[in-house]
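**Q** Quick one: sequence and predicted model below, then my questions.
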Amino acid sequence: MVKFLTFKAVGLIGTLALVLAASAPSGIFAAEKDKTAKKKATPDAKVSKPKTAKPKFQTAETAAKATACFGEAPKIENVVPDEAKAGEKVTITGTKFGSADCLRSVSFGPGHAAKFTVQSDTTITTTVPTGVRKGLALLTVTTASGEDSKSFFLK
């Protein structure tokens, strides 16, 4: 029995999958259906439903009001203080940091992500993480649109 499939094939692999599906004996698919049917038919079997997260936006109207995270890359203009040790607070000022949803990370060198708080589109407060090495490091602000770095001295 040949079934007609609505299939959008992309390239050679999609065409090959379509040919294999059309030429497979119908018993193969029937056997798979039987296995599934038997599992569901047993009264003692507990079937767990996968948990699905609720969508963040319920309608197109609410999605249209969401903050857009893409645009220009951030620009660090000033860091106060310009040197600090682990555990000390640092204030970063600049432009295009975006909202808290758009800011991805603040780090003091590779592998040293810091906890941060977005005060506004132009101000971020952060704490130098523990485990950083003393010396010069790159303080990097990363958003959905890009990143900017500034030299920072770790005491």
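**A** Yes, it's here. In this text the structure is predicted, and so the values were computed from the model without any measurement.
**Q** List the residues that contact the closest residue to K89 other than its chain neighbours.
**A** Leaving out its chain neighbours, the residue that sits closest to K89 by C-beta to C-beta, 6 or more residues apart in numbering is T127, at 5.5 Å. (Each C-beta comes from the backbone N, C-alpha and C, glycine too.) Listed by C-beta atoms under 8 Å, 6 or more residues apart in numbering, the contact partners of T127 are G87, E88, K89, V90, A114, K115, F116.
**Q** Then F97?
**A** P74, L103, V118, S120, D121, T122, T123, I124, V141, T143.
**Q** Distance check, it against Q119.
**A** Computed as C-beta to C-beta, to the nearest Å, the F97 to Q119 distance reads 9 Å.
**Q** Can you show me the strands along the chain?
**A** Counting by DSSP state E, the chain forms strands over residues 75-80, 83-84, 89-95, 103-108, 113-114, 116-120, 123-127, 135-143, 146-154, given from the N-terminal end onward.
**Q** And those: which comes nearest C69?
**A** Counting by C-beta to C-beta, C69 lies closest to strand 135-143 out of these; the figure is 7.2 Å.
**Q** in that closest one, what counts as buried?
**A** Applying a neighbour-count criterion of 16 or more other C-beta atoms under 10 Å, one finds A137, L139, T140, V141, T142, T143 buried in strand 135-143.
**Q** Would you quantify the distance from the last one to V118?
**A** Distance, T143 to V118, using C-beta to C-beta: 10 Å.
**Q** list residues touching both of the two?
**A** With contacts defined as C-beta under 8 Å, 6+ apart, the residues shared by T143 and V118 are F97, L103.
**Q** For the strands of the chain, give me a markdown table that also has distance to C69 and mean pLDDT.
**A** Putting the strands of the chain into a markdown table (distance: least, C-beta to C-beta, whole Å; pLDDT from 0 to 100) gives the following:
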| stretch | distance to C69 | mean pLDDT |
| --- | --- | --- |
| strand 75-80 | 16 | 97 |
| strand 83-84 | 29 | 96 |
| strand 89-95 | 15 | 97 |
| strand 103-108 | 9 | 94 |
| strand 113-114 | 19 | 96 |
| strand 116-120 | 13 | 94 |
| strand 123-127 | 15 | 97 |
| strand 135-143 | 7 | 96 |
| strand 146-154 | 11 | 96 |
